[in-house]
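Asker: I would like the atomic coordinates for the input below:
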Amino acid sequence: MKHKHVTQRILGPLVAGGLLAALATPAGAVDFTTSDGNWTFTVSGEVNVSYIFSNCQDPKTAAPIDGLPLTCVGTASTSNVSNIGNGLLPASIAFGVKTQQNGIDIEAHFGLFPGIATNDGGSPNLQSNGQSNTALGTTSLDIRQVYLQFGTKTAGTVLAGRNIGLFGADAILNDMTLPGVGAPGTAAGPAPSNTTLGGIGFGYIYTDWLAQIDYITPDFSGFNLTIGAFDPLNGLSDPGEAQPKQAPGFHAKASYTLPFSDKNKLYLSVAGITQKQNYLDTVTATAHSYTGSGVDVFAKLDISDLEVFGYYYHADGLGTTAFFLDSVAADGDTRTSYGYMAQITYKIGPVKLGANYGVSKLDLANANDDPFLLSKNEKETVGVYYSLTKNLTLIGEYSHTETASHAGGSNTANTFNIGAYVGF
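Answerer: Sure thing, here's the model as predicted:
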């Protein structure tokens, strides 16, 4: 299978990253104010742990699929895999500080995200082989978020630093498996990384954490616009050696919230991203470039205890699952990718019931492209989320995944998880 080393290396960093810090600060967050009242400090965080059981595709009947298939395949020893670890979120503790000086609101944020997987002293996300999950090992600290922002309610806000991206953000931040597990990722293997996939690669591309400088407009009766530049990323599977970029990447997002009442509202958003990619063919010493771009749309309707959302993205030269992963063919022609997710949840007292479905598709670049390249990653998840207390949630989920190739073969797997989540 091509790019097997990429699969082992990429599944971890795709999913770690403390998405809780990008959400609204939990109601139980702890605030401290200095004696002179000039500075306010905030501490928030969460810990989640799940037992994860996956029944993977039997290797005797597994179809060959190149690229990054996200459905697990068993080994000669077993097709059943058990793991105890974090879900889509690692544990996190986030620190914030804010003040107002000369009429300007000033803030800074730091997010620290430890997992519980044994990573043998290396990166918490780069599981390069099956030997990292051994005795005498330890977990590692993942630092994904550090940024400042300043502005006023009338002039808007500037955000600068490392923070969650704009493209695909609404999909993952509203994914019901965020505190849970969803698709297992490396949890269905011998060297689990700090987090699972949730719905990443199954309906949306990972929004990622980007070094960026953005301008955020004031709120105009529910309408907001964010535009910015980010540090350009290198390709994950380009057919050559990454080269320096002449320009940053650019992204933007427009959103609109229409409230009907206290519990009923409609939220809409559209986001776009573009970046030029440069790489060198080391065999011919020829420089190549292509532009990756994408657009997505998101709509969510809240009606009392019912929540429904739909999401769609379309991209060219951007890849699937992660930015610039399987984005071009060996000859440098770009591939088109697209996908969608639909979700419905309903609360009955302290219990939230939910179901979502997502699929990510990848087209061949041309007639000469790899016929065994993956054509789609598809997932269905049903979940029960029981709020035992205001801050403690018990979770149970079942997920079915399927990965297919352009040659017509496919693999399927099933995952069941139970766990607990505490946020403050």
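
Asker: Check what pLDDT the residue nearest the centre of the chain gets.
Answerer: For the chain, the residue sitting closest to the mean C-alpha position, by CA atoms, centre = their mean, is residue 206 at 3.9 Å. pLDDT recorded at residue 206 is 97.

Asker: Show me the helices in the chain, by range?
Answerer: Along the chain, counting by DSSP state H, helices occupy 4-15, 169-173.

Asker: Could you tell me the least trusted of those helices?
Answerer: Comparing mean pLDDT across the helices of the chain, the weakest is helix 4-15, with a mean of 39.

Asker: picking that back up, and the residue nearest to the centre of the chain, its phi and psi?
Answerer: phi -60, psi 130 (degrees, to the nearest 10).

Asker: Hmm, residue 324 and it touching each other?
Answerer: No. Applying CB atoms under 8 Å as the test, residue 206 and residue 324 come out as separate, 11.4 Å apart. Bear in mind the C-beta positions are built from the backbone N, C-alpha and C, glycine included.

Asker: For residue 254, see how far away residue 295 is.
Answerer: 11 Å (CB to CB, to the nearest Å).

Asker: Residue 174 now?
Answerer: 17 Å.

Asker: what pairs with residue 82 across the strands?
Answerer: Beta-bridge partners for residue 82, by DSSP bridges, are residue 53.

Asker: That one and residue 327, how far apart?
Answerer: As judged by CB to CB, residue 82 and residue 327 stand 34 Å apart.

Asker: Please say which of those two ends up with more neighbours.
Answerer: A direct count of neighbours by other CB atoms under 10 Å for residue 82 and residue 327 places residue 327 higher, at 26 against 11.

Asker: That one and residue 347: what is the separation?
Answerer: Noted for residue 327: a distance of 39 Å to residue 347, by CB to CB.

Asker: list the contacts for the residue nearest to residue 272 when sequence neighbours are not counted?
Answerer: Nearest non-adjacent residue to residue 272, counting by CB to CB, 6 or more residues apart in numbering: residue 295, 4.7 Å away. By CB atoms under 8 Å, 6 or more residues apart in numbering, residue 295 lies in contact with 270, 271, 272, 273, 313, 314, 315.

Asker: Could you dump those residues into JSON lines with distance to residue 410 and neighbour count added?
Answerer: Compiled in JSON lines, those are given as follows (distance: CB to CB, whole Å; neighbours: other CB atoms under 10 Å):
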{"residue": "270", "distance to residue 410": "32", "neighbour count": "15"}
{"residue": "271", "distance to residue 410": "31", "neighbour count": "24"}
{"residue": "272", "distance to residue 410": "32", "neighbour count": "17"}
{"residue": "273", "distance to residue 410": "30", "neighbour count": "26"}
{"residue": "313", "distance to residue 410": "22", "neighbour count": "24"}
{"residue": "314", "distance to residue 410": "23", "neighbour count": "15"}
{"residue": "315", "distance to residue 410": "23", "neighbour count": "27"}
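
Asker: of those, closest to residue 413?
Answerer: For those, the closest approach to residue 413 (CB to CB) belongs to residue 313, at 23.9 Å.

Asker: Next one: residue 241 from residue 416, what distance?
Answerer: 42 Å.

Asker: okay, the two: which has more neighbours?
Answerer: A count of neighbours by other CB under 10 Å puts residue 416 above the other of residue 241 and residue 416, at 16 against 12.

Asker: ok, for residue 318, nearest residue in space, not its chain neighbours?
Answerer: Here the residue nearest residue 318, using CB to CB, 6+ apart, is residue 292, at 4.1 Å.

Asker: ditto for residue 376
Answerer: Counting by CB to CB, 6+ apart, residue 376 lies nearest to residue 361, which is 4.6 Å off, once chain neighbours are set aside.

Asker: Kindly report the same for residue 183.
Answerer: Using CB to CB, 6+ apart and skipping the chain neighbours, the partner closest in space to residue 183 is residue 197 (4.0 Å).
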